[in-house]
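Colleague: Please work out how this folds:
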Amino acid sequence: MAYALSPIDLIPDFIPVLGYLDDLVIVPLGIALAVKMIPHGVLADCRVKALAASERPSGRRVAAIIVAIWLAAAALLIWLAYRAFS
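Modeller: Below is the predicted model:
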């Protein structure tokens with residue numbers, strides 16, 4: 001995880017193709033290693049909790065309210081920009 005978030009790379013990202021290729025190889029290998037290091041009992045417990053959480057109803061009403069707030073904020077900004085520049 002530290003390598004994925006670190007600004008220091010083995011191969012800098014500005015080098016075409018190779019810059020991102022090391023990220024595409026090293027990060028998945030690091031994730032696979034981290035998953036293998038988790039004890040089986042902990043992993044099984046987490047999978048049970050994840051399955052139980054996925055069976056809960058989704059918050060579509062809350063999502064609709066958040067989208068409505070973002071749309072209202074965007075409309076307000078467009079209206080303010082229109083008033084300021086016209």
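
Colleague: Name the residues that touch the lowest-mean-pLDDT helix or strand in the chain?
Modeller: Ranked by mean pLDDT, DSSP states H and E, the helix or strand of the chain with the weakest confidence is helix 2-5, at a mean of 72. Surrounding helix 2-5, the residues in contact under the criterion Cβ atoms under 8 Å, 6 or more residues apart in numbering are 23, 26, 27, 30. For every residue, glycine as well, the C-beta is placed using N, CA and C.

Colleague: switch to 6 Å and redo it
Modeller: Applying Cβ atoms under 6 Å, 6 or more residues apart in numbering, the set of residues contacting helix 2-5 from outside is residue 27.

Colleague: what's the offset of that helix from the middle of its chain?
Modeller: Offset of helix 2-5 from its chain centre (Cα atoms, centre = their mean, to the nearest Å): 14 Å.

Colleague: Now the element after it, going C-ward?
Modeller: Tracing the chain past helix 2-5, the next element assigned as helix or strand by DSSP states H and E is helix 18-37.

Colleague: which helices and strands sit right next to the very next helix or strand once past that following helix?
Modeller: The helix or strand immediately downstream of helix 18-37 is helix 40-54, counting by DSSP H and E. Counting by 3 or more Cβ pairs under 6 Å, 6 or more residues apart in numbering; DSSP states H and E, no packing neighbours are recorded for helix 40-54 among the helices and strands.

Colleague: okay, the least confident helix or strand of the chain in CSV with CA atoms only?
Modeller: As requested, the backbone C-alpha atoms of helix 2-5 are provided in CSV (Å, rounded to 0.1, in the frame of the first residue of the first chain):
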residue,chain,number,x,y,z
ALA,A,2,2.8,2.4,0.8
TYR,A,3,4.3,1.8,-2.6
ALA,A,4,1.0,2.6,-4.4
LEU,A,5,0.6,5.9,-2.5
